[in-house]
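Asks: using only what follows, build the 3D model:
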Amino acid sequence: MLRHVSAWLRQPFEKNALLRQLETQDIRAELVDQLLGANFPTRGDGTLIWLHAPTIAQCADFGEVVAHFENHDDVSFLWTTEEDDPNGVFDQIGTHQHLPLDHPSFTMKFLQKWRPDALVWVSDSIRPVLMRNVARAKIPAIYANAGMSRAKARKFVWFPNFIGTYLSSFDRILAKTDESAKRLRKANAPRTKLEVLGVMHAGARALPYDEVERTRLAGQFNNRPVWLAAHAAVGEVAALAKAQRRVSRMAQGLLLILHVGDQSEAASAQRKLTNLGMRVVLRDAKPLPAGDTDVYITYGDADLGLWYRLAPVCFLGHSLIKQGGSDPFEAAALGSAILHGPHTETFQNSYDRLADAGAARKVYNSEMLTTALSETLSPDRAAEMAHGAWEVSSAGAEVNDRVIELLDGYLDKGDTHAAA
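Replies: Numbering: from 1, shown residues only. Below is the predicted model of the structure:
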């Protein structure tokens, strides 16, 4: 209660401070509106799921939740973070807002405007006023990746009622480790709401492929060593060609399956590779490569799962040039070791996780790609990296499944505190 009264008293000062920054152009007008809980887009009809993460990059961890509801036409998403997005880099489906300041009128405006049907909260930031209003509005809230540092736990020993009341605002608290759960219990987290499930991460859904076609092509390749360059950009073709030529001197019969975005890019790549003296087959013109083919070009995503399954090693394109990279979990889910360039900003969190597990290797140029490809084509090394990639891509499945199960229960039953 004391915190709530204090927040009321601070409201005009916080608002005036923001307005002064606006006058001096130290802050965007749109961000001021978001911090004050005002001037949002109109909420559509149907069900609205609110997803909150500290950063825009961490919003990717909600990928499985979003995918579960992607075929529900009546479900939309509100995303909030604790960072601004002045350059419009947020690219998820739905509307992104900065979280409002933790004051009664600002949070109430926010909730009354959006009227979310459920909340998944993935942040250790403590917003007591907001969550008190969430609970009063009977919005079911799931606290995933729940944890508490030692320092914060020691601090809240002196305020057990405060932190206990805050944690009680959530319908479910999904702790990321046993140690986290222990600290949360000491902080008066309701035991009946607490579960230990691990860390919620973006997962991987394996792309479909035809096993009969995979077996047929594997037989036609006649045990040739194969590697894949997926989502390759035209600007990367020369570097890929150099690596193919150099490594094929050591790996006899090496075949590069070059996957590009569309037919025009495929034709462009074919011309460039032919001019470099390489033997090239375009899948459009010939369903199978000849025995002496250096590069087999394909395009579009219809058969991409097939190429990942055929190639034990893949290079993920749009990463040697500054285009943000490609989703590494496509390859990880289908058992391919991963090589990539330095420009992977769009999927940085996923690449970092794979690198930590020794499942992906970064290269900066064709020389480094040649070395990495030569080493990774070793069956033992490829299998080791592919296994690590699969483990990373499947991590978080349990907590993702639990969050989806809870959301289904809340939304299907129309009961904001449905038993689960």
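
Asks: break this structure down into its domains, please.
Replies: Per automatic domain parsing, the structural domains of the chain span 11-203+397-413, 211-394.

Asks: make CSV out of these and add mean pLDDT.
Replies: Formatted as CSV, the domains of the chain follow (pLDDT from 0 to 100):
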stretch, mean pLDDT
domain 11-203+397-413, 86
domain 211-394, 93
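
Asks: turn the ones you listed into CSV, including mean neighbour count.
Replies: C-beta here means a position set from N, CA and C on the backbone, and glycine is covered the same way. What follows is those, written out as CSV (neighbours: other Cβ atoms under 10 Å):
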stretch, mean neighbour count
domain 11-203+397-413, 18
domain 211-394, 19
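
Asks: please enumerate the helices of the stretch 1-150 of the chain.
Replies: Using DSSP state H, counting those that start in this stretch, the helices assigned to the stretch 1-150 of the chain run over residues 2-23, 29-35, 63-69, 104-114, 128-136, 150-156.

Asks: ok, the stretch 251-400 of the chain next?
Replies: Ranges of helices within the stretch 251-400 of the chain are 263-275, 304-310, 329-332, 348-356, 366-376, 379-394, 397-413, based on DSSP H, counting those that start in this stretch.

Asks: just send the ones you listed back as a markdown table, with distance to V134 too.
Replies: Output for the helices of the stretch 251-400 of the chain, formatted as a markdown table (distance: least, Cβ to Cβ, whole Å):
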| stretch | distance to V134 |
| --- | --- |
| helix 263-275 | 48 |
| helix 304-310 | 41 |
| helix 329-332 | 32 |
| helix 348-356 | 27 |
| helix 366-376 | 48 |
| helix 379-394 | 32 |
| helix 397-413 | 13 |
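
Asks: out of those, which comes closest to L217?
Replies: Of all these, it is helix 304-310 that lies closest to L217, at 6.0 Å by Cβ to Cβ.

Asks: helices or strands up against that closest one?
Replies: Helices and strands touching helix 304-310, as assessed by 3 or more Cβ pairs under 8 Å, 6 or more residues apart in numbering; DSSP states H and E, comprise helix 211-221, strand 226-230, strand 255-260, helix 329-332.

Asks: same list, these, but as TSV with distance to A53 please.
Replies: Converted to TSV, those look like this (distance: least, Cβ to Cβ, whole Å):
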stretch	distance to A53
helix 211-221	37
strand 226-230	28
strand 255-260	31
helix 329-332	18
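
Asks: out of these, nearest to F347?
Replies: Per Cβ to Cβ, nearest to F347 of these: helix 329-332, 8.2 Å.

Asks: can you name every helix or strand that that closest one contacts?
Replies: Using 3+ Cβ pairs under 8 Å, 6+ apart, helix 329-332 sits against helix 304-310, helix 379-394.

Asks: adding distance to V260, write the ones you listed out as a markdown table.
Replies: Below are these laid out as a markdown table (distance: least, Cβ to Cβ, whole Å):
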| stretch | distance to V260 |
| --- | --- |
| helix 304-310 | 11 |
| helix 379-394 | 23 |
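
Asks: please identify which of those helices is closest to R249.
Replies: Nearest of these to R249, taken as Cβ to Cβ: helix 379-394 at 19.1 Å.

Asks: relative to L101, how far out is E195?
Replies: Between E195 and L101 the computed distance is 31 Å (Cβ to Cβ, to the nearest Å).

Asks: contacts for stretch 396-407?
Replies: 49, 61, 64-65, 68-69, 118, 120, 140, 142, 144-145, 171-172, 174, 195, 197-203, 420 (Cβ atoms under 8 Å, 6 or more residues apart in numbering).

Asks: swap the cut-off to 7 Å and go again
Replies: Residues outside stretch 396-407 that contact it (Cβ atoms under 7 Å, 6 or more residues apart in numbering) are 49, 64-65, 68, 118, 120, 142, 144, 172, 174, 197-201, 203, 420.

Asks: dihedrals phi and psi, M148?
Replies: Note on M148: its backbone torsions stand at phi -160, psi 130 [degrees, to the nearest 10].

Asks: for it, which non-adjacent residue is spatially closest?
Replies: R183 (4.4 Å; Cβ to Cβ, 6 or more residues apart in numbering).

Asks: now do the SS call for that neighbour.
Replies: Secondary structure for R183, judged by DSSP: H, G, I helix; E, B strand; the rest coil, is helix.

Asks: my guess is it contacts A151. True?
Replies: No: R183 is beyond contact range of A151, at 10.7 Å (criterion: Cβ atoms under 7 Å).

Asks: mind checking which of the helices of the stretch 251-400 of the chain is nearest K113?
Replies: Comparing the helices of the stretch 251-400 of the chain by Cβ to Cβ, helix 397-413 comes nearest, at 20.0 Å.

Asks: report the distance from the closest one to the chain centre.
Replies: 18 Å (Cα atoms, centre = their mean, to the nearest Å).

Asks: ok, stretch 255-272 next?
Replies: The chain centroid and the centroid of stretch 255-272 are separated by 28 Å under Cα atoms, centre = their mean.

Asks: CA atoms only for it - export them in PDB, please.
Replies: In PDB, the C-alpha atoms belonging to stretch 255-272 read as follows (Å, rounded to 0.1, in the frame of the first residue of the first chain):
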ATOM      1  CA  LEU A 255      28.800 -31.100 -54.300                       C
ATOM      2  CA  LEU A 256      27.500 -27.700 -53.200                       C
ATOM      3  CA  ILE A 257      23.700 -27.400 -53.000                       C
ATOM      4  CA  LEU A 258      23.200 -23.600 -53.400                       C
ATOM      5  CA  HIS A 259      19.800 -22.400 -52.200                       C
ATOM      6  CA  VAL A 260      18.700 -18.900 -53.100                       C
ATOM      7  CA  GLY A 261      15.500 -16.900 -52.700                       C
ATOM      8  CA  ASP A 262      13.900 -16.900 -56.100                       C
ATOM      9  CA  GLN A 263      14.200 -17.700 -59.800                       C
ATOM     10  CA  SER A 264      15.900 -14.500 -60.800                       C
ATOM     11  CA  GLU A 265      18.600 -15.000 -58.000                       C
ATOM     12  CA  ALA A 266      19.100 -18.500 -59.200                       C
ATOM     13  CA  ALA A 267      19.600 -17.400 -62.800                       C
ATOM     14  CA  SER A 268      22.100 -14.700 -61.600                       C
ATOM     15  CA  ALA A 269      24.000 -17.200 -59.500                       C
ATOM     16  CA  GLN A 270      24.100 -19.700 -62.400                       C
ATOM     17  CA  ARG A 271      25.700 -17.000 -64.700                       C
ATOM     18  CA  LYS A 272      28.200 -16.000 -62.100                       C
END
